[in-house]
Every structure is written in C-alpha cells, then in structure tokens.
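Enquirer: Next comes the sequence, and after it the predicted model I'd like to discuss.
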Amino acid sequence: AFWKDGLPLSAQPLFDAPAARLGAAISRDDASKGSGAFPGFARWLWAAEVDLKPGDTIGPHNWQKVQGMVGENLLNRIKQGYSLTIKESRPMAVPKEYDGATGRYSGEVRLGSNGDLFNYVAGLPFPDIHLTDPQIGLKMAWNFYWRWIGDDYRTGGGTGKGKIIRYAIEKDGSERRADVLHHVIKTRGRVTLDSKPWIDGYEHIDWMQLRADEYPRDTAGTTTLEIRYADPKREDDLYIYVPSIRRVRRAPPIQRCATIAPSEFNFDDINSFGGKITEFNYRFLGRSKMLANFAQEQVPFYRKSGDYLPLKDGWEIVEAYGLEITPKDPHYCYPRKVIYFDTRTFETFWTMIWDAKGNYWKEQFAFRSPVPLADGQLVLSVGTVVIINVQNGRSTLVDAVRSYNQGYQPSLFTLATLQTVMRGGAIR
C-alpha cells in the first residue's frame, strides 16, 4: 500500500513540473517503506488506483471511491446523502513573469540555521527539491509562502459586488451575511508592477493588508491593518480600529488566533495558512490525487439555504502535495494543521485542523476561479472558500474572487488610513 495509517512513505526525487519544476514519480514500492500515525483522516489512495473519470457521480452508494481524496467531514456528508459529480480537470499555470523570476533568482536562495530564508528576490524559492532532502517540509512551506498571488490584489474585486461576501451559518441553519473590503500589497517578490522586484524603502516588509467591515451595521467600520516584516524575529504589526470606542489599538500577536467573529476563520486561516514560516515545524506528506475545483462555474455557487455544500459545481481530480504544520509555541491555537495544495501553483484546496486532544476540529475547502490579468494571461484566484467547525456545527462561506495587480501604493497601508476611517472616510 502507498499509505500506512494515513502517512506517505517515499524517498525519490521530485521532477519537472511546469513553473516549479516539481513533479513526481513516487513508486508504490518506495512509498511503502515506512509508517506513521495520522488520526482523524482517512487513508490516501495511490494515484494510479483512482478509479474516477469525468461524468462519474459519487454518493452514498460509492463513497469509498473518494476516501482519502476529500476531507473527513465532506466524506461523512457523502455517506449521509450528498452527491457530487466529477468533471474534466483544468490545470492552470503561473504567469510567465513569475516563471522567469524563478529561473533568474532561485539558484541563490538558501536556508538559515533557524529556517529563515536568505537571498530571496522573487519567484519560487526552491523549484528543485528531492524527497531525500531532510528540509523538504520547510522548503515546501517557503514555496507556499512565496507562491504567485500577484504583486497586489483586492479580494472580492472579481465578484459582482466588488467585495468579499461572507455568510456565517449556524448549526440550526440560520445565516448572517457580512460585506468585507480586503486589499493586499506585496512589497517584496514582485514580478509585474513597478517597482519590482521590491518597492524601494520597503525591502524590510513582505506584505501589508487592509481589511474593513462594511456590513452589518454593528460591525461596519471595523478596520484592521496588518504588516508582515521580512525579519523573522520581528513581530507582525496588527492595528485595529474599533468604531464603538473610536480608537485605533495595536493588537498583540496572540490576536492572530482570535476568531474573526461571527465567522469560524481566524487571521492565520486567511489563505489557509498565514503564520510566520519560522514559527512552525513542517512535515511533507507526499503527493497524491485529491478532489478540488479549479474552474468554479458560478460565484456564489448554488446551494441550499442554511447549508454550505455546492449543488451544481463539479469536482476535479488534481495532483496535490500535503504538508503537516505544527507550532513551535505549545500555546498556539492550532496544534496541528494540514494543507493540501496544487503541485503547479501551490494554491491550497484543502485544509484540516486538529485540536490539542487530537480530535478533528475544522475543515476548509477552497474552490478556485480562473481570472484574466491585464495582458490576457489566465491565472488562478480563490473563488468560494468554506470552513466548517465540526465540533460546534458552525460554518462560514466566503465569496472572494480577486482582482490582481491593482497598482496600490504603500501609502494606503498606514495608520493614516485607519485615522481616515475613524473620521468617517472609507478605503475604497
């Protein structure tokens, strides 16, 4: 068997996938040479044994066919009556500028003794990784961190509303809508917009983001400014404007673990994993086939009121890398998180989280949607993201198609913007 107790076992190099040059022939024999425990998640299937094709329907009568290819919660919903259809896969690549930066700069990138990254400029840091590399997990984590996500973007900018539309769904099926503005700028690792590969004067910052609640009225105006520094020893800056007290407060780092009420997301759930790379340990879980959706047909997808499952969108069979993430800080909110991401773009489509007792806690799946850049290149954006807290029965659904390369200036991402909001202004 390729997997034992849910863990992959292999020791062969990864070869030649587009953009990342990471690909993979992992043999069944090589994969069976070890063991490990992975509570709460079903056994994966060896890629060559996936007996699925476009047009197939999966339901309670044949759920075993996707065991290990979806999260535990979705598998249980299939057993209970949910059905889904397999559709043709639509693989996507990264922009040619990002590929070019990978070839130009990756040869100089090195890891430090504490897991920090040296000599990174732009593109994918580690396009050539071997499974025998003892630092494969850490290198995969850095590849995920510096995957292509545009030089800047507006989350929700590609939706009909021009902003994030979020639905918090209670266990009883009642829903609460929220409208959120979200702007992000990368000040390093830029490949398209001027200035590149960094913005002069901001080389010490990786990225900055602004998030503002517009609806409902009881949270409208709440605005956060977050700054991630390149120095791994420097804490993130997280400032929050709270309308009820008309003050801007600097939040402590532990605030990243606080739930963004009333949703089930916290700050480190945004983009599946938003933590500082050097503050976690990583274990590479191998490569396999999973179900995802890289071409969401409708945003928002069609669903029943009070439920989060898509009813008309199909699911694709995709190649995935798995990465287990555990914190170095024993007091961190998530003792174990596992992400599964595309082998070409490093965009996630499954995230699983366990609590301190080893019980399954949260499950997240992210549909993707192709969007055009200004020059016509098609790239992947997040489409609809769903997170389910399987312990309390609540879920959150977010429609968040991005508009990339908006030309933001760093001056937008300052305390002055929060003060503008405090005086009644907006960040649109």
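Expert: Structure received.

Enquirer: partners of Y340 in the sheet?
Expert: Judged by DSSP bridges, the bridge partners of Y340 are G322, W350.

Enquirer: and it, what is it in contact with?
Expert: By Cβ atoms under 8 Å, 6 or more residues apart in numbering, the contact set of Y340 is M290, A320, Y321, G322, L323, T348, F349, W350, T351. The way it works is simple: take the backbone N, C-alpha and C, and place the C-beta from them, glycine included.

Enquirer: Any idea how many residues pack against D231?
Expert: Each residue near D231 was counted by other Cβ atoms under 10 Å, and the total is 10.

Enquirer: So which elements touch the helix or strand containing I317?
Expert: I317 belongs to strand 316-327 when assigned by DSSP states H and E. Helices and strands touching strand 316-327, by 3 or more Cβ pairs under 8 Å, 6 or more residues apart in numbering; DSSP states H and E, are helix 136-145, strand 280-292, strand 336-342, strand 348-354.

Enquirer: Try it again at 7 Å.
Expert: In terms of contacts (3 or more Cβ pairs under 7 Å, 6 or more residues apart in numbering; DSSP states H and E), strand 316-327 is packed against helix 136-145, strand 280-292, strand 336-342.

Enquirer: What residues sit buried inside that strand?
Expert: E316, I317, V318, E319, A320, Y321, G322, L323, E324, I325, T326, P327 (16 or more other Cβ atoms under 10 Å).

Enquirer: what pairs with the closest residue in space to the third one that isn't next to it in sequence across the strands?
Expert: Yep, that's V318 we're talking about. Spatial nearest neighbour of V318, excluding adjacent residues (Cβ to Cβ, 6 or more residues apart in numbering): A292 at 4.6 Å. In this structure, A292 bridges to E316 when assessed by DSSP bridges.

Enquirer: before we move on, the earlier item: same list, the helices and strands packed on strand 316-327, but as CSV with mean pLDDT and distance to G425 please.
Expert: Output for the helices and strands packed on strand 316-327, formatted as CSV (pLDDT from 0 to 100; distance: least, Cβ to Cβ, whole Å):
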stretch, mean pLDDT, distance to G425
helix 136-145, 98, 33
strand 280-292, 96, 37
strand 336-342, 97, 37
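
Enquirer: circling back: against G107, how distant is the residue nearest to V318?
Expert: 31 Å (Cβ to Cβ, to the nearest Å).

Enquirer: More neighbours: which of these two?
Expert: A292 (25 against 10).

Enquirer: How about the contacts made by K53?
Expert: Neighbour list for K53: I86 [criterion: Cβ atoms under 7 Å, 6 or more residues apart in numbering].

Enquirer: in a helix, that's where it is, yeah?
Expert: No. According to DSSP: H, G, I helix; E, B strand; the rest coil, K53 belongs to no helix; its state is coil.

Enquirer: Got phi/psi on it?
Expert: phi -150, psi 160 (degrees, to the nearest 10).

Enquirer: What score does it have for pLDDT?
Expert: The per-residue pLDDT reported for K53 equals 93.

Enquirer: now the one 5 residues further on
Expert: For I58, the model assigns a pLDDT of 98.

Enquirer: Please apply the same query to G23.
Expert: In this model, G23 carries a pLDDT of 43.

Enquirer: now the one 5 residues further on
Expert: Per-residue confidence (pLDDT) for R28: 34.

Enquirer: Of all the helices and strands packed on strand 316-327, which one is nearest A220?
Expert: Smallest distance to A220 across these (Cβ to Cβ): 31.2 Å, for strand 336-342.

Enquirer: what about the closest one, distance to the chain center?
Expert: 8 Å (Cα atoms, centre = their mean, to the nearest Å).

Enquirer: So for stretch 350-362, what gets flagged as buried?
Expert: Quick answer for stretch 350-362 (16+ other Cβ under 10 Å): W350, T351, M352, I353, W354, Y360, W361, K362.

Enquirer: same deal with stretch 290-310?
Expert: Buried, per 16+ other Cβ under 10 Å, within stretch 290-310: 290-296, 299-301, 303, 308-310.
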